[in-house]
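K.L.:
Structure for this input, please:
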Amino acid sequence: MTFVHNNYKTLNVAKEASKPAIRKAYLSLAKKYHPDVFGHVMDFSYDLS
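P.N.:
Residues are numbered from 1 along each chain as shown. Model (predicted):
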């Protein structure tokens, strides 16, 4: 089985999408999953005292 990565599918854009549309989709996902933004979900504080 061969795994082929499809960037258009990852960005949820058509193969015929314009460069600005691809950039917009990329930046949208980058903002959504950036560690500084997404990291608060996994930020656990434990009081060890």
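
K.L.:
Pull out the buried positions in stretch 22-40.
P.N.:
residue 25 (16 or more other C-beta atoms under 10 Å). C-beta coordinates here come from the backbone N, C-alpha and C atoms, glycine included.

K.L.:
If you could redo that for stretch 5-18, that was the one I meant.
P.N.:
Quick answer for stretch 5-18 (16+ other C-beta under 10 Å): 11, 13.

K.L.:
now do the same end-to-end measure for that stretch.
P.N.:
Distance between the two ends of stretch 5-18: 20 Å, counting by C-alpha to C-alpha, to the nearest Å.

K.L.:
And the helices in this protein?
P.N.:
Taking DSSP state H as the test, the helices found in the chain are 7-11, 19-33, 35-38.

K.L.:
residues in contact with the second one?
P.N.:
By C-beta atoms under 8 Å, 6 or more residues apart in numbering, the surrounding residues in contact with helix 19-33 are 11, 12, 13, 17, 37, 38.

K.L.:
Now tabulate the helices of the chain in CSV and tack on mean pLDDT.
P.N.:
Formatted as CSV, those follow (pLDDT from 0 to 100):
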stretch, mean pLDDT
helix 7-11, 92
helix 19-33, 94
helix 35-38, 72
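
K.L.:
circling back to that earlier point, same list (the contacts of helix 19-33) but as TSV, adding distance to residue 26.
P.N.:
Formatted as TSV, the contacts of helix 19-33 follow (distance: C-beta to C-beta, whole Å):
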residue	distance to residue 26
11	6
12	11
13	9
17	11
37	15
38	16
